[in-house]
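> sequence first, then the predicted structure:
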Amino acid sequence: MSSGCPPQSPAVAKTEVPLEGESPLLAATFAYWDNILGPRVRHIWAPKSDQPLLLSDGEITFLANHTLNGEILRSAECGAVDVKFFVLAEKGVIIVSLIFDGELKGDKNTCALSIILPQTELAFYLPLHTVCVERLKHIIRKGRIWMQKDYSIISVLTSEIVPIMELLSSMKTHSVPEDIDIKDTVLNDDDIGDSCHEDFLHKAISSHLQTCGCSMVVGSNPDKVNKIVRTLCLFLTPAERKCSRLCRAESSFRYDTGLFVQGLLKDSTGSFVLPFRQVLYSPYPTTHIDVDVNTVKQMPPCHEHTYNQRRYMRSELTALWKAASEDDIGPDTIIHADETFTPDLNIFQDVMHKDTLVKSFLDEVFLLKPGLGLRSTFLAQFLLLLHRRALTLLKYIEDET
């Protein structure tokens with residue numbers, strides 16, 4: 001492959017990212033269209049590895065340039081971000097590119113932020129595509145402001161690209177399997193109170209369903225955390241399970257925006273600090289489940305969550321625009337830019353809505369003998385009933401409005 005790639009000129013800056021375990025990502029790149037030289041790669045991010053890389057820097061540059069070749073006549077609204085998905089079978093790679101306009105050295109340029117993966121990872125990546133794209137879109141919004149102010153966009157992009165590389169690496173080893181054996185969940189216990197208190201399990205599943213299947217499970221015992229994670233994932237679709245992650249026994253992963261269910265391990269002091277911005281930027285409200293103290297809390301409902309999220313995003317971008325220097329706004333700074341909107345840092349509240357459907361389901365499912373497949377069938381019947389009731393409710397609302 002390398003024989004067909006042009007030499008890098010001028011030299012491309014590169015950041016090597018140390019990752020734990022295998023990385024499915026070959027590289028991430030930031031390229032722009034130079035009005036004289038054509039497509040140019042400004043920066044490369046690649047996983048640090050002792051093994052020889054599948055792609056050389058020259059090949060990565062060649063592929064990144066490819067993403068901009070068709071964009072010379074791009075016509076898009078100001079601020080628009082176009083997502084392009086390339087499958088280059090002859091190179092054995094897939095490239096996901098986000099195309100946008102930005103200012104470099106006083107000129108308006110077409111830019112591309114891309115991630116490159118082996119084609120063999122296509123099935124692994126597709127369920128996570130929306131998660132990655134939405135996170136990259138927001139960092140591009142922030143990066144465009146930095147470019148407008150003639151600051152370096154690289155540091156801004158690095159603050160999101162590195163976590164995405166870590167996310168993909170962690171999902172490679174700890175993602176929830178598409179098919180979950182009910183024997184690995186709480187629903188296989190002989191009695192409803194064997195693994196956890198009945199009221200706790202009822203609240204956890206109810207709130208999990210109320211928050212669109214998005215939950216975080218925290219605790220000190222990784223086995224207990226993962227058992228609850230698998231139990232909640234029984235109520236998700238196979239595609240949603242591929243966007244869920246078990247906790248790691250040795251040390252905790254960071255909280256990742258966009259996953260449906262994730263297990264998080266407390267530190268040696270028995271605490272886990274949640275990043276406010278990342279939690280608020282989750283596409284859906286989230287349930288917080290603590291298996292050590294059997295507490296269940298949830299974020300406000302979907303419409304309130306979306307409203308608060310958008311207002312906070314606007315406040316954050318406004319604060320970036322008003323910043324006098326690159327050091328004024330850190331990556332984890334809580335923004336209070338808009339005097340009319342002060343974010344509520346206590347975003348998790350007690351579960352206020354009593355549920356009867358899940359209560360009846362739990363009472364009945366534990367009457368069935370475990371280990372014979374009866375409970376799996378009963379669960380499937382419950383999910384079908386839930387789906388049909390939801391469709392009936394939507395139809396009723398449509399007819400009444």
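Happy to help now that I have it.
> show the contacting residues for V229.
V176, V217, S244, R245, L246, C247, V261, Q262, G263 (C-beta atoms under 8 Å, 6 or more residues apart in numbering). No exception for glycine: its C-beta is placed from N, CA and C like everyone else's.
> swap in 7 Å and give it another go.
V176, V217, S244, L246, V261, G263 (C-beta atoms under 7 Å, 6 or more residues apart in numbering).
> which parts of the stretch 51-200 of the chain are helices?
Assigned by DSSP state H, counting those that start in this stretch, the helices in the stretch 51-200 of the chain fall at 57-66, 122-125, 129-148, 153-174, 198-210.
> turn these into TSV, columns for distance to R277.
Compiled in TSV, those are given as follows (distance: least, C-beta to C-beta, whole Å):
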stretch	distance to R277
helix 57-66	29
helix 122-125	25
helix 129-148	10
helix 153-174	11
helix 198-210	22
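> which of the ones you listed sits closest to S268?
helix 153-174 (20.8 Å; C-beta to C-beta).
> which other helices and strands contact the closest one?
Packed against helix 153-174 by the contact rule (3 or more C-beta pairs under 7 Å, 6 or more residues apart in numbering; DSSP states H and E) you find strand 13-17, strand 27-34, strand 38-47, helix 129-148.
> next one: the last one to chain centre, how far?
Going back to what we said before, that points to helix 129-148. Relative to its chain's centre, helix 129-148 lies at 13 Å (C-alpha atoms, centre = their mean, to the nearest Å).
> which strands and helices sit next to that helix?
Applying 3+ C-beta pairs under 7 Å, 6+ apart, one finds that helix 129-148 contacts strand 93-104, strand 107-118, helix 153-174, helix 302-322.
> tell me what angle the longest one forms with strand 13-17.
Here the directions of helix 153-174 and strand 13-17 differ by 30 degrees (axes from the mean of the first three to the mean of the last three C-alpha atoms, to 10 degrees).
> buried ones in helix 153-174?
Across helix 153-174, burial judged by 16 or more other C-beta atoms under 10 Å covers 153-154, 156-158, 160-172, 174.
> contacts for it next, please.
By C-beta under 7 Å, 6+ apart, the residues outside helix 153-174 that reach it are 15, 17, 19-25, 28, 30, 43, 45, 47, 113, 128, 132, 135-136, 139, 142-143, 146-147, 245-246, 248, 253-254, 256, 331.
> per-residue pLDDT, the residue nearest the centre of the chain?
Most central in the chain under C-alpha atoms, centre = their mean is G258, positioned 3.1 Å from the mean C-alpha point. Looking at G258, its pLDDT stands at 95.
> that older thread, adding distance to A390, write the helices and strands packed on helix 129-148 out as a markdown table.
As requested, the helices and strands packed on helix 129-148 are exported to a markdown table (distance: least, C-beta to C-beta, whole Å):
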| stretch | distance to A390 |
| --- | --- |
| strand 93-104 | 32 |
| strand 107-118 | 35 |
| helix 153-174 | 29 |
| helix 302-322 | 14 |
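> which residues of the protein score low on pLDDT?
1-10, 52-53, 73, 76, 193-194, 325-345 (pLDDT under 70).
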